[in-house]
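Peer 1: the following comprises the amino acid sequence and a computationally predicted model.
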Amino acid sequence: MTTRTVLLDGSTLTCDEVRAVGYGTAKVELGSPARAEDAFAAAREQTGPVYGRTTGVGANKDVEVHEPGLDLLRSHAGGAGPLIEPARATAMLTVRLNQLLRGGSGINPALLPVLAEAINGGAAPPIRLYGAIGTGDLTALSTTALCLLGETPWDGPRFRLASADALPFISSNALTLADAALACADLARLLEASVRVAARTWRAAGASVEPLAYEVQRARRHPGQARVAAALSALLDDHSPAGRLQDPYGYRALPQVHGAAFDALDVARRAVTIDMNSAAENPLIAGEAAWHNGNFHTAPVALALDALRAALVQTASLSTARLATLMEPAYTGLLPFLAGSPGKSGALILEYVAHDALASLRQLAAPVTLGGAVLSRSVEDHAGFGTQAARACLAAREPYEIILACELVAADRALAIQSGERPEDRSLEAEVEAARSALAD
């Protein structure tokens, strides 16, 4: 398999590219380091107090400290919990390297090719799951910095970070953004697949295509709704409806519900993409000055990811509703539960599996942005919890995939019986797993 190359230039990194690099199907190539070099030169010219370079951090912001860097890294590398997957760690390095190429950190640009070497060599720092609240992935990046310094074991290269490089390196939400990028890339594929699965259910149930008409979409003009209706119409071009006046909401309102999910995904990807290609360090080195700021706050990403998970629940709920119609002879013309003979259970258990997964998905959709935190002697008095929103989106992939797989298995079973075939003699568990593999491709 040919490995593609992703150019990191601080401006054009996408969620799909982060996923490709994270899972090893792409390597990175460094773009021009000019902006990073300019920021490095400007940082060395700074006089007076600069947060984290000449002072402590947090509540110690007014305390003058000589070369605080190593103490900062050692004190902040205090994450807890299990190690994250290597793909997430590699994706984090990719995002952080791209941000550093944007300029604004003031870090030594000699670090940039070293990070590229680590990424392309598959070196993953041993990052613990817990330690951030959406105002900077401090534990993850401090651990990475100690790996570079040789104080924490890893398979990657070493680099002697200077004291002045410490805060500029860890002042980022790179892991949160990497998780969000991975989730957006995977959920985009699953949402696309959900339309194809729904089309198969549509055929099995003989549902009307009237709700998909162009006139209906033109009357409301939500872009996602029109997109979904057009995609379904193309997939059902030769479909012969059963002739019912109106179908349940699982069919009739599908363009509206799935369309809203696509729109929410677009908003989330835009928010994540902006932050992956931004200089969000505090302080920001821009021009000849160091600007103390709040660009580290993940509110835009957290809010967008909260909305995306809520939208997923809506589409998943419609999937279980369509699954219920496939169990009904009134919609399929077949025996209850798509059984092979009267009185048999057929595909009944799929409803239980799907609703179990839906319950998990609902729990994951709880908004993180309703929370708050006051830390560091009340100096840091707010948090966006974008980290938790991103993790929840990653976790949402599995139950959403399972729900779609249950619908796909039932739809294919119904279509097979309608065409004169008998249901296969293998377990439904095997069929669901096969459907999940198909959805993941």
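Peer 2: Cool, got the structure.

Peer 1: got the contact list for residue 278?
Peer 2: For residue 278, the set of contacting residues under the criterion of CB atoms under 8 Å, 6 or more residues apart in numbering consists of 99, 102, 295. In short, each C-beta sits where N, CA and C put it, glycine included.

Peer 1: quickly note the distance from the second one to residue 375.
Peer 2: Looking back up the chat, that one is residue 102. Residue 102 sits 27 Å away from residue 375 when distances are taken as CB to CB, to the nearest Å.

Peer 1: give me the neighbour count for the closest residue to residue 240 other than its chain neighbours.
Peer 2: Ranked by CB to CB, 6 or more residues apart in numbering and with sequence neighbours excluded, the top spatial neighbour of residue 240 is residue 206, at 7.5 Å. Residue 206 is flanked by 17 other residues according to other CB atoms under 10 Å.

Peer 1: where does residue 379 land on pLDDT?
Peer 2: According to the prediction, residue 379 has pLDDT 72.

Peer 1: how many neighbours does it have?
Peer 2: Residue neighbour count, defined by other CB under 10 Å, stands at 13 for residue 379.

Peer 1: and this protein, what are its domain boundaries?
Peer 2: The record, using automatic domain parsing to delimit domains, assigns the chain the ranges 4-172, 184-440.

Peer 1: straight-line length of the last one, end to end?
Peer 2: Criterion CA to CA, to the nearest Å; first-to-last residue distance in domain 184-440 is 14 Å.

Peer 1: chain center to that domain, what's the gap?
Peer 2: Centroid displacement of domain 184-440 relative to its chain, using CA atoms, centre = their mean, to the nearest Å, is 14 Å.

Peer 1: kindly report the same for the first one.
Peer 2: What separates the centre of domain 4-172 from the centre of its chain is 20 Å, taken as CA atoms, centre = their mean.

Peer 1: isn't residue 386 up against residue 296?
Peer 2: No. Because the distance of 10.1 Å does not satisfy CB atoms under 8 Å, residue 386 is recorded as not touching residue 296.

Peer 1: mind listing the shared neighbours of the two?
Peer 2: What both residue 386 and residue 296 touch, as defined by CB under 8 Å, 6+ apart, is the set residue 173.

Peer 1: who's more crowded, these two?
Peer 2: Using other CB under 10 Å as the criterion, residue 386 and residue 296 rank with residue 386 on top: 33 against 19.

Peer 1: give me the nearest residue to the more buried one, chain neighbours excluded.
Peer 2: Take residue 386 and drop its neighbours on the chain: the residue closest to it by CB to CB, 6+ apart is residue 298, 2.8 Å away.

Peer 1: my guess is that neighbour contacts residue 172. True?
Peer 2: No. At 10.9 Å, residue 298 and residue 172 do not qualify as touching, with contact defined as CB under 8 Å.

Peer 1: which one's more surrounded, these two?
Peer 2: More neighbours sit around residue 298 than around the other of residue 298 and residue 172, counting by other CB under 10 Å; the figures are 33 against 27.

Peer 1: that one and residue 389, how far apart?
Peer 2: For residue 298, the distance to residue 389 under the criterion CB to CB works out to 8 Å.

Peer 1: got any residues that touch both of these two?
Peer 2: Residues touching both residue 298 and residue 389 (CB under 8 Å, 6+ apart) are residue 134.

Peer 1: residue contacts, residue 250?
Peer 2: With contact taken as CB under 8 Å, 6+ apart, residue 250 is in contact with 318-319, 321-322, 324-325.

Peer 1: run the last query once more with 10 Å
Peer 2: Residues in contact with residue 250 (CB atoms under 10 Å, 6 or more residues apart in numbering) are 198, 201-202, 205, 207, 257, 317-326, 407.

Peer 1: how close does residue 188 get to residue 128?
Peer 2: From residue 188 over to residue 128 (counting by CB to CB), the distance is 28 Å.

Peer 1: what's in contact with stretch 415-430?
Peer 2: Here stretch 415-430 makes contact (CB under 10 Å, 6+ apart) with 200-201, 203-204, 206, 326, 332-335, 338-341, 344-350, 353, 406, 409-410, 412-414, 431, 433-434.

Peer 1: narrow those residues to just the buried residues.
Peer 2: By neighbour count, with 16 or more other CB atoms under 10 Å, the contacts of stretch 415-430 hold 200-201, 203-204, 206, 326, 332, 334-335, 338-339, 346-347, 350, 353, 406, 409-410, 412-414, 431 as buried.
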